[in-house]
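Engineer: build me a model from this:
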Amino acid sequence: MEQTFDLENIDLREFWGVNNKNFKFLETIFPTLNLIERAGKLAIQGEEKDIKDFTKFFDNLLIVFEKQGYLEEKIIMSVLQKNEYFKNKEEEVLVYGDNGLRVKARSENQAKMVKESESNDMLFAIGPAGSGKTYTAVALAVRALKAKIVKRIILTRPAVEAGENLGFLPGDLKEKLDPYLQPLYDALRDMLSQQKLESLIQQGVIEIAPLAFMRGRTLDNAFVILDEAQNTSMEQLKMFLTRMGRNSKFIITGDVTQIDLPKNQISGLLPTIERVQHIKGIAVIELQACDIVRHRLVSKIIEALD
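Structural biologist: Residues are numbered from 1 along each chain as shown. The predicted structure is shown next:
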């Protein structure tokens, strides 16, 4: 029996790798099949059952390649070992964004974020830049707001880069803080029209503010996201986590490899997670380089510089 896959619209250099490294790797993990790459097509020869199993795997591999833009052995093995995640090729749409954009979990660990957020009221999502932790968190918040599960969204992050220098920056407080909160605005603009976003902000339904503004508040009926939590102390995290009110969801995101605190200050993110992760209702998800959905070079740069 023979099965043929059309690869004409695939960048074969990225798909097969340098010196056909990925193709040769597939040959080693499917020894009962004869794999033939010719003129933009992949032909598979072997027993019917083996070909059916390979077809399911290869369809999922193509989905991953379309999202990642490149392949390597680690990704191939991840698809092979965790194939059940990809059985439904149309993953659940979290939010239908502006201009018809369908916002979905685009990796296994992003999907875990969705699942754990649904069954826990507090979620820590730790991972490298570009792994989608903040974007997925914002999508979950917008979904909850649209479904009327919560009445408001509060997005916050420590303005560490501004430090004590806010008073020396020109403009009012909003103008001073907006550059440090821009990543949160960027995610929201994918999911809401500019007019709708501005309206919700003016109404106070969506609030974007620095972490210091959370002190002394009780956050009821809210979906609250703390971004860049690696730049907080344990005292700040304790202050934030204890703001949680009735019918609220908290997601705390951070990248422990990008700590911008002064040298004499220690990040409280990992110590806090160690102390609270055993509490029922709190979940922790660790995203990896394979979850990165930015340019294909980003994950390679992160691995090279770690």
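Engineer: please enumerate the helices of this structure.
Structural biologist: 12-16, 21-29, 48-68, 73-81, 108-119, 133-146, 173-191, 194-203, 234-241, 269-276, 296-305 (DSSP state H).
Engineer: which of the ones you listed sits closest to V256?
Structural biologist: For those, proximity to V256 was assessed by Cβ to Cβ; helix 269-276 is nearest, at 6.0 Å. No exception for glycine: its C-beta is placed from N, CA and C like everyone else's.
Engineer: buried ones in the closest one?
Structural biologist: Of the residues in helix 269-276, those with enough neighbours to count as buried (16 or more other Cβ atoms under 10 Å) are L269, T272, I273, V276.
Engineer: pick the most deeply packed of the helices of the chain.
Structural biologist: Mean neighbour counts were taken over these using mean count of other Cβ atoms under 10 Å, and the top value, a mean of 24, falls to helix 133-146.
Engineer: please determine how far T257 is located from C290.
Structural biologist: Using Cβ to Cβ, to the nearest Å, we find T257 at a distance of 16 Å from C290.
Engineer: those two - which one has more neighbours?
Structural biologist: A count of neighbours by other Cβ atoms under 10 Å puts C290 above the other of T257 and C290, at 18 against 13.
Engineer: quick revisit: could you dump the buried residues of helix 269-276 to CSV with distance to I44 and pLDDT?
Structural biologist: Formatted as CSV, the entries for those read as follows, by distance: Cβ to Cβ, whole Å; pLDDT from 0 to 100:
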residue, distance to I44, pLDDT
L269, 47, 96
T272, 50, 97
I273, 45, 96
V276, 49, 96
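Engineer: of the helices of the chain, which approaches K41 most closely?
Structural biologist: Set against K41 and scored by Cβ to Cβ, those come closest in helix 12-16, at 10.4 Å.
Engineer: which strands or helices does that closest one pack on?
Structural biologist: The helices and strands touching helix 12-16, judged by 3 or more Cβ pairs under 8 Å, 6 or more residues apart in numbering; DSSP states H and E, are helix 21-29.
Engineer: I'd like the average pLDDT over the helix it packs on.
Structural biologist: The average pLDDT within helix 21-29 is 86.
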